[in-house]
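Enquirer: Have a look; sequence and predicted model below, questions after that.
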Amino acid sequence: MVELESLYDTQLSSQVEAEVEQRAARISAEAREHARGEVADQLNQAARRIRQAPDVGQLGAMLLEAASPFASSAALFRVTGSAVHGERIYGVPAERAEAFRRLEIPLPSAAALAEAVKSRDPVATITTPAEVSAGLLSIAGHPADGRAFIYPVVAGEGVPALLYAWGSVQGAALELFTQLAAAVWSGLRPAEDLVSITPAKTATAWESLSAEEQQLHLRAQRFARVQVAEIRLFETDAVQSGRSRRDLYGTLQKRIDAARQSFRNTFFASCPSMLDYLHLELLRTLANDDAETLGKDYPGPMV
């Protein structure tokens with residue numbers, strides 16, 4: 001009886017242990033799936049807000065907001081010439097945040113910031129006055145042996161902004177956000193940079209358009225620039241292949257057709273004077289003003 005009881009206890013214990021392990025594995029898998037879903041939702045929501053930014057000011061705000069779940073502290077700098085200027089910051093007391101908005105750092109005095117602008121690549125740095133400047137060191141409250149991460153927003157041939165993060169930082173997400181912001185930034189150019197509208201049977205002169213139509217034209221051009229910038233960013237290999245084969249449309253047909261359909265539905269139906277800014281941007285940015293590079297099957301302008 002003692003042996004039987006011992007065997008029974010052993011078997012029961014093994015069954016209970018196996019059941020507990022199975023339940024623990026199931027709960028762990030459910031938790032991982034839930035966590036992945038939450039992260040995916042955060043990334044999706046942040047990307048949507050960045051893409052919908054109407055101007056560079058709001059774009060900077062959306063970029064910093066997107067970074068907040070993935071970095072305990074972060075700041076956004078605007079790059080002008082040989083200096084950077086504080087725009088927005090979180091993770092510091094209010095008085096230091098106010099001081100940050102008055103901060104100007106000459107790039108020669110902050111080696112890490114200068115390297116991010118020059119290399120156009122993310123930079124990891126120790127937080128010393130020589131690397132990030134004494135002013136930033138004080139505002140951010142960095143320890144002498146701290147670390148910070150700098151992500152440049154590379155728009156076209158320049159770097160108009162830097163995302164600066166420290167503390168607990170998930171670099172992959174921040175690099176993704178700065179790349180997306182760069183694509184949108186390229187499309188948010190000043191109104192005076194609008195492609196010239198010349199009198200033609202499909203459009204009237206710019207001066208004769210109503211204020212509402214002018215705004216719609218500006219929105220259409222920004223939309224076109226963002227679409228093409230995203231193609232150039234996310235389809236780099238296909239763009240290079242299409243250029244070398246002189247058949248961008250054949251290589252990128254699905255992306256180009258989807259952008260054309262979206263542009264047609266959004267802008268042509270409501271504005272008789274609309275121009276095909278998407279075609280102009282494809283020609284200028286992807287084909288380098290060489291129409292033959294678009295390929296023999298490219299359908300041409302929509303108007």
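Expert: Looks like it came in fine.
Enquirer: neighbours around His85, how many?
Expert: By other CB atoms under 10 Å, 16 other residues sit near His85. All C-beta spots, glycine's among them, are computed from the backbone N, C-alpha and C.
Enquirer: Am I right that it is in a strand?
Expert: Yes - using DSSP: H, G, I helix; E, B strand; the rest coil, the assignment for His85 is a strand.
Enquirer: what's near enough to touch it?
Expert: Each residue near His85 by CB atoms under 8 Å, 6 or more residues apart in numbering is listed here: 77-78, 103-105.
Enquirer: host element of the residue nearest to Ala47 when sequence neighbours are not counted?
Expert: Leaving out its chain neighbours, the residue that sits closest to Ala47 by CB to CB, 6 or more residues apart in numbering is Leu180, at 5.8 Å. Secondary structure assigned from DSSP states H and E places Leu180 in helix 171-187.
Enquirer: What separation do you get for the residue nearest to Ala47 and Ile50?
Expert: For Leu180, the distance to Ile50 (CB to CB, to the nearest Å) stands at 5 Å.
Enquirer: now the residue sitting nearest the centre point of the chain: how far from Ala53?
Expert: The centroid of the chain falls nearest to Leu180 when counting by CA atoms, centre = their mean (1.9 Å). Distance, Leu180 to Ala53, using CB to CB: 10 Å.
Enquirer: Same check on Phe267?
Expert: According to CB to CB, Phe267 stands 19 Å off from Ala53.
Enquirer: one step back: does anything pack onto the helix holding Leu180? Which helices or strands?
Expert: helix 2-51, helix 56-67, strand 147-155, strand 158-169, helix 211-234 (3 or more CB pairs under 8 Å, 6 or more residues apart in numbering; DSSP states H and E).
Enquirer: Now for the nearest residue to Met302 once chain neighbours are set aside, how many residues are close by?
Expert: Closest residue to Met302 apart from its sequence neighbours, by CB to CB, 6+ apart: Asp276 at 4.6 Å. Asp276: 21 surrounding residues under other CB under 10 Å.
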